[in-house]
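Enquirer: Build me a model from this:
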Amino acid sequence: MGKKMRFRTVLALGFALSGLALAQEGGIPTDISQWFASTASLAAVVAALVALIRKHVLRSLDGVAVVGLSLALGVALAYLGHRMGYVGPDWLTFGIGAGLAASGGTAWLRSIASGGGGKNAPGGNAPTDAGRARLR
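Expert: Coordinates of the predicted model:
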């Protein structure tokens, strides 16, 4: 087993054990009403659902379609929250804001993780070899 594989295994085991400890202490909220506490919390749920859908259902989804999916999920979940009594009459604005925050926040985090800038921006993250381009 290589060093990289051992590191991943230890990291995954550490996350699993810390998640188990949080669940035992009641640190993980299981109340669905927490999804609708703020636009940011619903945006986190939408971003997680979009990632799940892109990984397991619609693998070729990319570009503007991802933003559309984020908006659709944000509005649908906000409507669900409105029907359940967690969101007021401004549920449509709440859902659109959460959908846009989910797609924009994900793009922002990816740009930070990749070093900022665009592909061809000065100091950006232009791929210099086939190996780095393949990892995208």
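
Enquirer: residues near D31, how many?
Expert: D31 has 7 neighbouring residues, counting by other CB atoms under 10 Å. All C-beta atoms are positioned from the backbone trio N, CA, C, and that covers glycine.

Enquirer: List the contacts of whatever helix or strand A65 lives in.
Expert: In this structure, A65 is located in helix 64-83 according to DSSP states H and E. Under the criterion CB atoms under 8 Å, 6 or more residues apart in numbering, residues 35-36, 42-43, 45-47, 49-50, 53-54, 58, 61, 87-89, 91-92, 94-100, 102-103 lie in contact with helix 64-83.

Enquirer: Just to be sure, which of those are found in helices?
Expert: 42-43, 45-47, 49-50, 53-54, 91-92, 94-100, 102-103 (DSSP state H).

Enquirer: If any of these are buried, put those into a ChimeraX selection.
Expert: This is how ChimeraX selects the buried members of those, with burial counted by 16 or more other CB atoms under 10 Å:
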select :42,43,45,46,47,49,50,54,91,94,95,96,97,98,99,100,102,103
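
Enquirer: Appreciated, that's everything.
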